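Visitor: everything below, folded, please.
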Amino acid sequence: MTDRAPDSLRAAIGAGVRVTPLPSPARRATRRLVPAALIVLALVLAIWGLRADYDAVGPWRLWLASLAQVAVAIAVARVALAESIPGQRPPVRTHIAMAAVAVFFVVALTEATFAASRTFVPAAWTSRFFWICFTHPVALGLPVLVLLAVMLRRGLLSRPALAGALAGLAAGLVSDAGWRLYCHVSDPAHVLVAHAGAVLALSTAGMGAGYFFRNGSTS
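Guide: Numbering: from 1, shown residues only. Predicted coordinates for the structure are as follows:
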């Protein structure tokens, strides 16, 4: 006796099941994050406006740098989405490398912006500036994180914390790419604490989201 189902039964089951393969992680990340990033950038400019030191920073360090940061976010999201596809899961060193690239980019961009425009937080407003530049990017990034979390739900997560952390990192990079168009403070002590702190908070939230969505269906 064998446990193998009869060929006729297997054919009947196969005929009644339609499987639509997901697009590649790179395509999915690009297709979802590009419009999401454009919305974030547009919201920042429409609600808060352009940073006061635009002329000093210059178009390359402002517009091109924010677009480059969105590209880094898409690369990070691609690795996160690949984590949810059995057989395509990248090794942990790939996740570490992508996180390192993101950190290096943010630090380098912060230093480049500060070199062009040395602006500081007024001493009396340190706490207020920190609170605004922490909470607003988090609020801007949360919908992006939810979007990525739902995309992760369509796969099978064996390492939900890892995938979720990268999704949160990608969302944080997108929100920061928009927020830096408004915040005119370039002092690394402010940017690497408040702005980068918001990115870290979203990455941490992503770890929790990964666990929440780990048992989602693939439909």
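
Visitor: ok, now which ones touch the residue nearest in space to the middle of the chain?
Guide: Central residue of the chain (C-alpha atoms, centre = their mean): Ala170, 1.4 Å from the mean position. The contact partners of Ala170, taken as C-beta atoms under 8 Å, 6 or more residues apart in numbering, are Ala29, Leu33, Ala73, Ile74, Val76, Ala77, Ala80, Val144, Leu148. Where C-beta positions appear, they are placed from N, C-alpha and C, glycine not excepted.

Visitor: for Ala163, see how far away the closest residue to the second one other than its chain neighbours is.
Guide: Counting by C-beta to C-beta, 6 or more residues apart in numbering, Ile74 is the residue found nearest to Leu33 once chain neighbours are left out, at 5.1 Å. Using C-beta to C-beta, to the nearest Å, Ile74 is found at 16 Å from Ala163.

Visitor: who's more crowded, these two?
Guide: A count of neighbours by other C-beta atoms under 10 Å puts Ala163 above the other of Ile74 and Ala163, at 30 against 20.

Visitor: residues contacting that one?
Guide: The contact partners of Ala163, by C-beta under 8 Å, 6+ apart, come to Ala80, Leu81, Glu83, Ser84, Leu152, Leu157, Gly210.

Visitor: so the third one is in contact with Leu162, correct?
Guide: Yes - the pair Glu83 and Leu162 passes the contact test of C-beta atoms under 8 Å, sitting 6.2 Å apart.

Visitor: over to Ala52. Which of the three states is it?
Guide: Secondary structure, DSSP: H, G, I helix; E, B strand; the rest coil: Ala52 is coil.

Visitor: good, wrapping up.
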